[in-house]
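S.K.: fold the following.
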Amino acid sequence: MPFSTQDPNVRQDWLTIGSARALAGHAPERPWRTQLLGNTVRAWRDSNGEAIAKADGRQLPLLERYGYLWVWTGDGPQHPLFALPEFDEHGRRIVDCGGIGVATSGLRVIENFLDMGHFPYVHTGTLGKLPHTEVAPYRVEIDPQTDEIWALDCHFFQPRASASAADGIDAQYRYRVMQPFTAALYKSCPNRADAQDVIGLFVQPLDDEHVIAHVLLVYFEDRLSDAEMIAFQHMIFGQDKPILESHRPRRLPLQGPLESHMRCDFASTTYRRWMRARGMTFGVHTD
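M.R.: Numbering: from 1, shown residues only. Below is the predicted model of the structure:
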């Protein structure tokens, strides 16, 4: 079966198919199966322990990095995967929070990740709290070397910024969009004033309107168990999931009158302009 899109924004980019842990115990005769761009991907480890993935009648170029599997579905030259140097820093806890299925465009999932304005209303008592609803002005830049979006100088009052936070803080944030379906959040670390924790959001597009959202924590954390950290992230994402799935259309409008934005949505509007400039068609509402 061929892939469901020819959009070079997804076909000429690295896309995750999930955690590398999923391949444990899988061989060519009993491959692990998942979905990507409307196609079934079969993956396994060969006798040398190397990860192999096949779809569309061929073997796909594959990278194993940051604890995840990344495949290239197109035919063009491959560029390097985005850098995440914090992953290799001494003392960091690396916690794979698993994947959550969401019935919406992956572009909506990334845009929601960039939205601080919903914190007091959707994540009351953790990432936000009424009446602290103001999103202070922040900067958004597109790095001319990497074409990545950066939202800088972000801050927001949070009564419980992370699972280990004991008191409310004015959390300092930086958002980064590396690819249309990958983003990262750098935020105040409750345990180290000189560092920031990192949350990676790697979206696996099953098709235009269904995804698996994978969350990776790259933290300085010495008090909580992996299970406690994962449970907190699942609680937060569980609050976002019904909101995301209620959006109509499911595909993201990049322009037109369907949705409007305010000044606090500067990161979201930049993300949409960035995708329009790239000619994005996959996961996009065009009517």
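S.K.: now stretch 171-187, how far from the centre of its chain.
M.R.: Here the centre of stretch 171-187 is set off from its chain's centre by 8 Å, with Cα atoms, centre = their mean, to the nearest Å.
S.K.: now it: average pLDDT?
M.R.: If you average the pLDDT over stretch 171-187, you get 95.
S.K.: stretch 246-254 too?
M.R.: 94.
S.K.: ok, and what's touching that stretch?
M.R.: Here stretch 246-254 makes contact (Cβ atoms under 8 Å, 6 or more residues apart in numbering) with 103-105, 107-108, 111, 208-209, 258-259, 272, 275-276, 280, 283-287. Every C-beta, even on glycine, is put in place using the N, C-alpha and C of the backbone.
S.K.: so which of those residues belong to strands?
M.R.: 284, 285 (DSSP state E).
S.K.: and the next helix or strand past the worst-scoring helix or strand of the chain on mean pLDDT?
M.R.: Ranked by mean pLDDT, DSSP states H and E, the weakest helix or strand in the chain is helix 119-122, scoring a mean of 59. For helix 119-122, the succeeding helix or strand toward the C-terminus, using DSSP states H and E, is strand 139-142.
S.K.: what about residue 245, which helix or strand?
M.R.: Going by DSSP H and E, residue 245 is part of helix 226-246.
S.K.: next, the buried residues of that helix.
M.R.: By neighbour count with 16 or more other Cβ atoms under 10 Å, helix 226-246 contains the buried residues 229, 230, 232, 233, 236, 237, 239, 240, 241, 244.
S.K.: give me the residue ranges of the stretch 1-150 of the chain where confidence is low.
M.R.: 117-135 (pLDDT under 70).
S.K.: which residues of the protein fall in helices?
M.R.: Using DSSP state H, the helices of the chain run over residues 8-11, 106-113, 119-122, 226-246, 266-278.
S.K.: re earlier: buried subset of the contacts of stretch 246-254?
M.R.: Buried among the contacts of stretch 246-254 by 16+ other Cβ under 10 Å: 104-105, 107-108, 111, 208-209, 272, 275, 280, 283-285.
S.K.: return the closest of these with respect to residue 13.
M.R.: residue 280 (11.1 Å; Cβ to Cβ).
S.K.: ok, the closest one - contacts?
M.R.: 7, 9, 107, 180, 254.
S.K.: neighbour-wise, which of the residues you listed leads?
M.R.: residue 107 (26 neighbours; other Cβ atoms under 10 Å).
S.K.: what's the closest non-adjacent residue to it?
M.R.: residue 252 (4.1 Å; Cβ to Cβ, 6 or more residues apart in numbering).
S.K.: report the separation between the one you found and residue 171.
M.R.: Distance, residue 252 to residue 171, by Cβ to Cβ, to the nearest Å: 27 Å.
S.K.: more neighbours: which of the two?
M.R.: residue 252 (25 against 21).
S.K.: who does that one form a beta bridge with?
M.R.: residue 284 (DSSP bridges).
S.K.: equivalent analysis for residue 41, please.
M.R.: residue 34.
S.K.: in a markdown table: the helices of the chain, plus distance to residue 64.
M.R.: Listed next are the helices of the chain as a markdown table, based on distance: least, Cβ to Cβ, whole Å:
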| stretch | distance to residue 64 |
| --- | --- |
| helix 8-11 | 20 |
| helix 106-113 | 21 |
| helix 119-122 | 34 |
| helix 226-246 | 20 |
| helix 266-278 | 27 |
